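In: Below are the sequence and a predicted model; questions follow.
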Amino acid sequence: MFEPTFASLGGYECPDWFRDAKFGIWSHWGPQSVPMCGDWYARHMYVEGSQQYLYHLRHYGHPSKFGYKDIVKLWKAEAFDPAGLMALYHRAGARYFVAQAMHHDHFFNYPSKLNRFNSMDMGPGKDIVGMWKTAAEQYSLPFGLTEHLGASFSWWAVNKGSDKSGPYAGVPYDGSDPAYSDFYFENTEHITENGNIHLWYTLNEKYHAYWLAVMRELIGLYQPDLLYTDGALPFGSHWCEDEASKKTYAGDALYTCGLEAAARLYNASIEKYGENRAVYTQKDRRPEIHRVGVLDIEKSQLPGIQERPWQTDTCIGGWFYDAKRPFKKPGHIIEMLVDIVSKNGTMLLNILQRPDGAIDDEARWILGELAGWFAACGEGIYSTRPWRACGEGPSGASSKPFCEDEVEWTSSDIRFTRKGNTLYAFLMRAASPAGPDENGVAVIKSLTPDERVRAVRLLGGGALEFAQSFGVLTVKLPEKLPTGYVNCLALEMEAIDN
């Protein structure tokens, strides 16, 4: 059993199911989807002059009269079909599923005894988390939950403000109504003149205790296989937007709550399975911190092969449904996935849901394209491990924070994974009728002269002709490749070095 200390949790080993799954789907969904106006709506509707404030003012009314407490009552989830969606997600290649338990908006997607603003007692009148878990169990998918509660106390201090100009100048927003102080928090200590977040993680110890009680409730009710914290391990890293606060609070060692939550998660898994099969993810990149679980990188990735498994969380568009924002194309998603997996990573992909719980035709099309690609190339993804090199070629994805720009891959760009004595080589340039280059061949230069290839298969196709000289492998490709996205060669080796 684990103790809530760095010494104890530093011995954490990632379970095989997570290392094998490689691709998960996430439902990042809640009442902030109601306006269909993008992420952080519950905060920005209280920031005078922001696009979401203006939308709210002109669509619902001033936030002194119609606040976020009123938005949540509009969320009905009337078309929510978790069983139907899970069938699509499993077919699209997901091998674990993650649901949002609560976002920064302090609305819980399950029947909580700690918060009356929950999806059973208002809004949908449903245990959203429980319904997702039942659906995931039908496909034997490991089930995870995400919590975004740690930052809520400071993130939402803006609801105590008021307009500085105009017809409602000086009129307090509804966050100042004492009848709703349990929902909007008693957080005036975090109010700033410019509306910025004073601290990402509050120093308020009463709130720390509340957060930990909620984590205990979540783990006790659902025993998730994965728990994701949106941020660093609570409550130790106090990121803030103003430099003065950053200098004052950065480095404070207040990790007790996060350590206890991680230990409780793992110990619940040990009690259930006889061994720990749970994963805790957070975003602090310092090794002494992320060794308590798995490092999560939001909407970006790491530059090379990592010793320990890690996860990228990303989405097909924005985090919450936004009627104005385009979706990623299937090829972009697939290229990101392959590059991430080659570096010992895993992708968690948010499929956006409309307020009623349904997904768009475009989202269904993306899922269908992923299903077709995994049917052809999934062998090179699932249950693989990184090789000694993640790839070869001149191009690479950015590791800048929150950067997911499409890469201009060339015919020389290849990414590798391995399974036993099979080396998988993903041809990163999108297929064309002539193959990935003008000569209809793939050239792989990373093998040594001692690494002999016995046979080459095209995943989704058949055996291919090849020649190998001084380690360089040349493979003749067919005129028509199995997929219009990234294709994959399986190199059957006599032996393979790490």
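Out: Noted; the coordinates are in hand. What you see is a predicted model, and the numbers here were worked out from it, not measured in a lab.

In: what's near enough to touch the closest residue to N204 other than its chain neighbours?
Out: Using CB to CB, 6 or more residues apart in numbering and skipping residues adjacent in sequence, the residue nearest N204 is F153, 6.1 Å away. Any C-beta I mention is one placed from the backbone N, CA and C, and that applies to glycine too. Residues near F153 by CB atoms under 8 Å, 6 or more residues apart in numbering: 185, 187, 190, 202, 204, 207.

In: If we use 10 Å, what do you get?
Out: 104, 106, 185-187, 189-190, 199-204, 206-208, 210-211, 235 (CB atoms under 10 Å, 6 or more residues apart in numbering).

In: Tell me which residue is most central in this structure.
Out: Closest residue to the average C-alpha location of the chain: D313 at 2.4 Å, with CA atoms, centre = their mean.

In: lowest confidence element among the helices and strands of the chain?
Out: Counting by mean pLDDT, DSSP states H and E, the chain has its least confident helix or strand at helix 243-249, which shows a mean of 57.

In: so N267 touches G220, yeah?
Out: No: between N267 and G220 there is no contact under CB atoms under 10 Å: 11.6 Å.

In: For these two, indicate the residue with more neighbours.
Out: Taking neighbours as other CB atoms under 10 Å, N267 and G220 compare with N267 leading, 17 against 10.

In: so the more buried one, which of the three states?
Out: What DSSP: H, G, I helix; E, B strand; the rest coil gives for N267 is helix.

In: And it, how far from M1?
Out: Per CB to CB, to the nearest Å, N267 is found 5 Å from M1.

In: where do the contact lists of those two overlap?
Out: What both N267 and M1 touch, as defined by CB under 10 Å, 6+ apart, is the set N276.

In: Checking my notes, the residue nearest to N204 in a helix, right?
Out: Yes: secondary structure of F153 (three-state DSSP): part of a helix.

In: gap between it and H106?
Out: 9 Å.

In: how about the helices of the stretch 251-400 of the chain, start to end?
Out: 256-273, 287-290, 330-341, 361-377 (DSSP state H, counting those that start in this stretch).

In: ranking these by burial, who's on top?
Out: Greatest average neighbour count among the helices of the stretch 251-400 of the chain goes to helix 330-341 (a mean of 23), per mean count of other CB atoms under 10 Å.

In: just to revisit the earlier point, are any of the contacts of F153 buried, and which?
Out: Neighbour counting with 16 or more other CB atoms under 10 Å marks 104, 106, 185, 187, 190, 199-204, 207-208, 210-211, 235 as buried within the contacts of F153.

In: farthest pair in those?
Out: Across these, the longest distance by CB to CB is 18.5 Å; it joins H106 and L203.

In: now L423: how far from F18?
Out: Applying CB to CB, the value for L423 to F18 is 23 Å.

In: do Y173 as well
Out: Separation of Y173 from F18 (CB to CB): 42 Å.

In: Likewise for R415?
Out: R415 sits 20 Å away from F18, going by CB to CB.

In: And those two? Which one has more around it.
Out: Per other CB under 10 Å, whichever of R415 and F18 has more neighbours is R415, with 27 against 23.

In: Quick check: that one is in a helix.
Out: No: R415: not assigned to a helix; according to three-state DSSP it is strand.

In: how much space between H90 and Y96?
Out: For H90 relative to Y96 (CB to CB), the value is 10 Å.

In: Common neighbours of the two, please.
Out: Joint contacts of H90 and Y96 (CB under 10 Å, 6+ apart) are 25, 136, 141.

In: ranking those residues by neighbours, who comes first?
Out: For the shared contacts of H90 and Y96, neighbours tallied by other CB under 10 Å; top is I25, 26 neighbours.

In: If you compare the directions of the helix or strand hosting it and helix 330-341, what angle comes out?
Out: If you go by DSSP states H and E, I25 is part of strand 23-27. Here the directions of strand 23-27 and helix 330-341 differ by 120 degrees (axes from the mean of the first three to the mean of the last three CA atoms, to 10 degrees).

In: Tell me how many other residues crowd K476.
Out: 14.

In: Enumerate every residue touching the residue nearest to it when sequence neighbours are not counted.
Out: In space, and not counting its chain neighbours, K476 is closest to E465: 4.4 Å by CB to CB, 6+ apart. Counting by CB under 10 Å, 6+ apart, E465 touches 441, 456, 474-477.

In: What ranges in the chain fall below the confidence cut-off?
Out: Low-confidence segments of the chain, defined by pLDDT under 70: 194-195, 238-253, 430-439, 498.

In: rerun that using 50 as the cut-off
Out: 251-252, 432-436 (pLDDT under 50).

In: List phi and psi for the closest residue to T448 other than its chain neighbours.
Out: Nearest non-adjacent residue to T448, counting by CB to CB, 6+ apart: G471, 5.1 Å away. The phi and psi values for G471, taken as degrees, to the nearest 10, are phi 90, psi -30.
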